[in-house]
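1. Have a look; sequence and predicted model below, questions after that.
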Amino acid sequence: MSNKHNILVSKTATYYTLGDVKTAKTIWFVLHGYGMLAKYFIRKFNPILNGEVAVIAPEGLSKFYTQGFYGRVGATWMTKEDREDEIKDYINYLNNLYDAILLENKNTATKINIVGFSQGGATASRWVADKKVIPTNFILWSSVFPDDMDFKVFGDTFNTFILTGNNDEFATDKHLKKQQKILNNTKLNFKLIEFEGTHDIPKKVLVEQTKQNNW
């Protein structure tokens, strides 16, 4: 019978940026969904870019071919295999990245927005629940909180926004009602926003909501 062992190793992680991190007054950390790559996902945030905004798109630590053995490559934050270790690994990665970015930033009161899209929503939720990073705004986009979310450690000192498209193929009534029930039992300062669209981040919605909510 085999015995399982773990060993910590160094791994090269990838992230992409838009804007000037050094001078940015608002920094967005945007976490992609399953099977996406950060270099493409970050392009969705071009419409909100200006001289005071920087966008950071970390990439999931595991990559794979999305169809067969060649062709398009995607990344994932975790799977059910060794899930606890993978969660620890990506939280450590995101904390280290956050420290490096904020060390580079020269402003003393920088606004921090954390966006979790699709699978990246669960990742972003667990990251914030780790409490080493406290955002100004937490934005769960086309996603839901993980079932094992401990809202007592998630925090209520920041604004939480939950956005869902009215034609999102993954957002079933059952899931939405479950999330609504969970949220109603928390002390979170949250706002539910339904937009016209599918499982995506539409340019128009991103720009409008950024202005309306002072993201």
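-> Cool, got the structure. Numbers count the residues shown, from 1 in each chain.

2. give the contact list for residue 18.
-> Neighbouring residues of residue 18 by C-beta atoms under 8 Å, 6 or more residues apart in numbering: 42, 45, 46, 49, 53, 54, 55. In this view, the C-beta of every residue, glycine as well, is placed from N, C-alpha and C.

3. How about residue 196?
-> 165, 166, 167, 205.

4. Now a ChimeraX select for only the buried ones of those.
-> Under the burial definition 16 or more other C-beta atoms under 10 Å, those of the contacts of residue 196 that qualify are selected in ChimeraX by:
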select :165,205
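
5. Sort out for me which of the contacts of residue 196 are in strands.
-> Among those, DSSP state E puts residue 165 in strands.

6. now the contacts of residue 196 in TSV, with pLDDT and distance to residue 30?
-> TSV is the format used below for the contacts of residue 196 (pLDDT from 0 to 100; distance: C-beta to C-beta, whole Å):
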residue	pLDDT	distance to residue 30
165	94	17
166	91	22
167	91	22
205	98	15
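
7. The contacts of residue 196: which two are farthest apart?
-> Pairwise distances across the contacts of residue 196 (C-beta to C-beta) peak at 12.5 Å, for the pair 167 and 205.

8. Could you give me the buried positions within stretch 169-185?
-> 171, 176, 179, 183.

9. Residue 126 and residue 91 touch, don't they?
-> Yes: contact criterion C-beta atoms under 8 Å: residue 126 and residue 91 qualify, at 6.3 Å.
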